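1. model this:
(chains A and B)
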Amino acid sequence: MSRKNRRRRQQEQEAQAAAAANTPVEAPIPTAPTAAEKLISGDMVYRPKGGNNPEDIGANTSLVEFHRVGKGKKTTRVMIDNGTMFPGEGSKYDSMMVDTDPYFQDRETGAFPKEPVDAIVVTHAHEDHIGGIAHDASRGKVLPDIYCTPLTQAFIEQSLIRRKVEQKSWPTFKTIQPGKPVQIGDIHIMPIAASHSVSQSLALAITTPSGSMIHSGDFKADQSLPIGPKFDAKDMRDLGQKALARYGHERFDVATVDSTRAYNPGYTPTEGMVADEIDGIVKDNPSHRIVTAVMGRSTERILNMAKVAAENDRTLVIHGGAILMSLQALARAYEIETGGGPMTAPKGKKSSKPKLDMGSVRSTLNALLKDKYGINGGVKILEGRDQAVDHVPEAKQMVLATGTQGEPLAALPKAARRDEKSLLQLSSNDVVIRSASTIPGNEAAVGAVDAGIQSIGVAKLITTNEALVHSSGHGYAKDMDEYLEAAQARTVIPVHGSVELMEKNAERIATRADELDLSLETMRNGDRVVIGQDVIVTPTNEPVEFLGMRNTVEDPEKSQMGPRIRL
Amino acid sequence: MTQDRRTPTPTFSWDDQQRIVEGLETQYPRVSRVSLTPADLDTMIRSLPGFVNGKGPPDDGIYNRLLVLWIALDEDDDDGRWDAGA
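-> Presented below is the predicted three-dimensional model:
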C-alpha cells in the first residue's frame, strides 16, 4: 500500500471512529413506567389543525402534546403528518397547507417559534399527509427530526429534490417500523401496520403519562397486500397493549378513525382481488396489448401489475413520470432499509472514477417480485419511450400508464386525444383498463378521456363499472369495525374527511356504541382535545390559518405563497 | 481571411444538477431510466458535451437525486393531488 493510500485509509478510519463516537447510544425504552415517571403529572392534548375540514379532504396535520406540570415543567409536542390539500376548480390556489409558522424556526431570521415541535411523525407517503414538509423546507423552515418508514422517507426526499432544497437544509430522517416504538420526550409512539394503497403505511398508538390514543392513519383491513406491512387485528391488539403498558394504562382513551369511505357497507375489495381480476382479463385477451392506468403512488397495485406481467410473459412498459417516481421510491426505500443498495455507490468512493457496480430500479422491482411472490425470473421492464419497445410484440406488452383522473398531461389522456407528442398511441388491438375510481369533481375530465378512447375504437375499455379493477385505499364499514374492535378505545373520534363524511361515519359507529362500549365525540380543525380519564373536546373558535400556494409558471415545482386564509 | 468564430461549449460540473439532467434528456431521450445503474449514469454524464468532472461526484447519493430530477423533466401531471380520496 502506498503512503498516500495508507494516509487515506487512516483518514477514513478516523472519520468512522469519530462518527461512531458522535452517534448517541439510545437507551432502551422502558416497557412500564419508571418510579420517577409515576410521579409525573400533566395533560395530554390532541389538536387537529387540518384534515377535519368543512369540505375538502386533505392537509392532514395535527399536534399531540404532553404538558408536564409541577417540578420539571415542560411540554413535548409532536406533529402527526404535515400534508397539503388541493382545492377544486374555482380556487385561486393550487394547493393549501396548515400555516406552520407557530411550530418551526425560521432559518433566515432565526426567529424561535411560539409552539416548537420536537418531531414530526408521518403515517404514510400521500401528499395530503406529507405535502407540507417540502413546502416548509423550501420556505426556510428548520424542520425537526422526521420519523417515518423508508418508503415514506423516499417520497419526501423526492419532494425535497424536486423543490431543489439544499441537502444541508434537509431534516434528519429516523426510520420507524411496526412494533418498534420510539420515545420523544414524554410521548411514546408505537407504530402499527395499517393497510393502504401506498405501502409502509402506519397507524400510531400514542401514550403519555396521563392519557393515550390510537390514530388510525389512512386505513383499510386488506390482508392481501404484497409489500405491506398489512393490518393484522391481533398485532394491533398486542402492540396496543404494549403501548398502553408503557405508562400503565389499561385501555386507549381515544381512537381516531378514517372516515373517507366508511359510509360504504361491507369490506373494501382487496388488492389481491383486483390483481386476480386483471390477471383474468390478460389471460382472456392473449392477442391484445393490455393498457392499464393506475394512480402513481399505488405501489401495491404497481407491484401486482408487475407480477401479472411476469406471470403472463409480458413486458411491463411504463408511460408516465408518476409511476416512474414510485418505482424510484421503492428502490430508494430498499436502499434505506438495507443501508446500501441499487442507487448508491460503494461506501468511501468519492474519487473521480467511482466503481459503481450496484443495481437499478428494475433490479429492486425484481427483488420484490422474488421476495413477495417467489418469482425468480423477474419481469422485463421498459419505459414507453425506449425504442426497444418497438421490438416487443403488442400481445407481449402490459402497459402501465398515468392519467386515471383525466389529467391533461398524463399518458392515457394524451393518448385518448391522439396527442401527436404522445409516445403511447392506442389502437383497435388494445384492451384499456382504468384501474381507479373517479374522484368526485373529475367526472367530466374522465368522461372525455373515455370518450376519446372509445372513438379510437379500442377492443375494450374496462372500468370499475365493468369489473373489479380497483380497490380503494380507505376501508369500508366492516374494515372500520375491525379497527375499532382491535383498538378497543373508550372514545372514538372520526377524522379524515369532510364534515359530511365524518358525520356519516359517526352515525354509523353510534349504532355499535353500546356493543363496543364506546362513546363518540366529534372535532373540527382548531379544537383542543384533552385526553385522559375524561375526554374533553373544547372548540376554540379560532379559525386555523392555512397558506395558499400557487405554482409558478416558470418552474411548476416551485410555489409562491399567497396570503393566509382562515378556514 | 475569416476568423474561427465557433463558440466554445459552456462547461458544467457535478454541482449543476439541472444542467446535467437536461443534458441527459437531450442526449438520451429514448433510454429506459428504470434500467440504469449508477455506473450507467456515471458513464452517460461523463459523456455529455461540456461536462467537466472537476473534483468528481460530491457524494454517493447524487445518482439517486439526478434520477429523480431527470424523471421530473417529464411532461406528466403528478396525480398526487388525488391521493386523499383514492
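2. What distance do you get for residue A:299 to residue A:402?
-> Separation of residue A:299 from residue A:402 (Cβ to Cβ, to the nearest Å): 14 Å. Yep, even glycine has a C-beta here, placed from its N, CA and C like the rest.
3. for residue A:507, same thing?
-> As judged by Cβ to Cβ, residue A:507 and residue A:402 stand 37 Å apart.
4. before we move on, what about residue A:105?
-> Note on residue A:105: its distance to residue A:402, by Cβ to Cβ, is 37 Å.
5. of these two, who's got more company?
-> The neighbour comparison of residue A:105 against residue A:402 (other Cβ atoms under 10 Å in any protein chain shown) goes to residue A:402, with 30 against 17.
6. Next up, phi/psi of the more buried one, please.
-> phi -90, psi 170 (degrees, to the nearest 10).
7. which stretch of helix or strand covers the spatially most central residue of chain B?
-> Geometric centre of chain B, nearest residue: residue B:21, 1.9 Å, by Cα atoms, centre = their mean. Using DSSP states H and E, residue B:21 maps to helix B:17-27.
8. Which secondary structure elements does that helix sit against?
-> On a contact count with 3 or more Cβ pairs under 8 Å, 6 or more residues apart in numbering or on different chains; DSSP states H and E, helix B:17-27 meets helix B:38-46, helix B:62-72.
9. any weak-confidence spans in chain A?
-> When residues are selected by pLDDT under 70, those of chain A lie in A:1-25, A:340-358, A:553-559, A:561-563, A:566-567.
10. Other residues contacting the helix or strand containing residue A:363?
-> For residue A:363, the host element (DSSP H and E) is helix A:361-373. For helix A:361-373, the surrounding residues in contact (Cβ atoms under 8 Å, 6 or more residues apart in numbering or on different chains) are A:226-227, A:303, A:306-307, A:310, A:327-328, A:330-331, A:334, A:341-343, A:375-376, A:378-379, A:381, B:33-36, B:67.
11. Among the residues you listed, which ones are in strands?
-> residue A:381 (DSSP state E).
12. Just to be sure, which of the contacts of helix A:361-373 are found in helices?
-> The helices in this structure, assigned by DSSP state H, contain A:303, A:306-307, A:310, A:327-328, A:330-331, A:334, B:67 from the contacts of helix A:361-373.
13. Could you report the neighbour count for residue A:333?
-> For residue A:333, using other Cβ under 10 Å, the count is 26.
14. Closest residue of the stretch 401-550 of chain A to chain B?
-> residue A:407 (3.5 Å; Cβ to the nearest Cβ).
15. Tell me how many other residues surround that residue.
-> 24.
16. For the helix holding residue B:21, what is the distance to the chain centroid?
-> Its chain's C-alpha centre and that of helix B:17-27 lie 3 Å apart, by Cα atoms, centre = their mean, to the nearest Å.
17. Could you list the buried residues of it?
-> B:17, B:19-24 (16 or more other Cβ atoms under 10 Å in any protein chain shown).
18. for the residues you listed, which one is nearest residue A:476?
-> residue B:21 (42.7 Å; Cβ to Cβ).
19. My guess is the closest one contacts residue B:70. True?
-> Yes - the criterion here is Cβ atoms under 8 Å, and residue B:21 meets it with residue B:70 at 4.2 Å.
20. can you pull the contacts of the nearest residue in space to residue A:306 that is not next to it in sequence?
-> Computed as Cβ to Cβ, 6 or more residues apart in numbering or on different chains, the closest residue to residue A:306 that is not its neighbour in sequence is residue A:379, at 4.9 Å. Applying Cβ under 8 Å, 6+ apart to residue A:379 gives the contacts A:306-307, A:309-310, A:315-316, A:365-366, A:369.
21. picking up where we left off before, looking at the ones in helices among the contacts of helix A:361-373, which is nearest residue A:456?
-> Closest approach between the ones in helices among the contacts of helix A:361-373 and residue A:456, by Cβ to Cβ: residue A:306, at 26.3 Å.
22. Number of residues surrounding that closest one?
-> 25.
23. quick revisit: quick one, what contacts the residue of the stretch 401-550 of chain A closest to chain B?
-> With Cβ under 8 Å, 6+ apart, residue A:407 has these contacts: A:413, A:445, B:77, B:79.
24. Give the buried subset of the residues you listed as a ChimeraX selection command.
-> Buried subset of those, written as a ChimeraX selection, criterion 16+ other Cβ under 10 Å:
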select /A:413,445 /B:77,79
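25. And the contacts of residue A:407, which is closest to residue A:124?
-> Closest to residue A:124 out of the contacts of residue A:407 is residue B:79 (16.1 Å), distances taken as Cβ to Cβ.
26. That closest one contacts residue A:402, doesn't it?
-> Yes - applying Cβ under 8 Å, one finds residue B:79 in contact with residue A:402, separated by 6.3 Å.
27. can you list residues touching both of those two?
-> A:296, A:322, A:410.
28. how much space between residue A:365 and residue A:44?
-> For residue A:365 relative to residue A:44 (Cβ to Cβ), the value is 43 Å.
29. the more surrounded of the two?
-> Neighbour totals were compared for residue A:365 and residue A:44, and residue A:44 leads with 27 against 24 (other Cβ under 10 Å).
30. give me phi/psi at the more buried one?
-> Main-chain torsions, residue A:44, degrees, to the nearest 10: phi -90, psi 130.
31. and residue A:74, bridged to which residues?
-> When assigned by DSSP bridges, residue A:74 has beta-bridge partners residue A:68.
32. residues contacting the residue nearest to the centre of chain B?
-> B:66, B:69-70, B:73.
33. Just confirm yes or no for stretch A:454-463 near chain B.
-> No - Stretch A:454-463 does not reach chain B (Cβ under 8 Å from any Cβ of the partner chain); its nearest approach is 14.8 Å.
34. Which ones among the shared contacts of residue B:79 and residue A:402 map onto helices?
-> Judged by DSSP H, the shared contacts of residue B:79 and residue A:402 include residue A:322 as members of helices.
35. Considering only the shared contacts of residue B:79 and residue A:402, which also neighbour chain B?
-> Residues of the shared contacts of residue B:79 and residue A:402 in contact with chain B (Cβ under 8 Å from any Cβ): A:296, A:322, A:410.
36. Comparing the helices and strands packed on helix B:17-27, which stretch has the densest surroundings?
-> Mean neighbour count, computed with mean count of other Cβ atoms under 10 Å in any protein chain shown, is highest for helix B:62-72 among those, reaching a mean of 23.
37. thinking again about what came up before, reformat the helices and strands packed on helix B:17-27 as TSV; add mean pLDDT and distance to residue A:95.
-> Below are these laid out as TSV (pLDDT from 0 to 100; distance: least, Cβ to Cβ, whole Å):
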stretch	mean pLDDT	distance to residue A:95
helix B:38-46	94	31
helix B:62-72	95	17
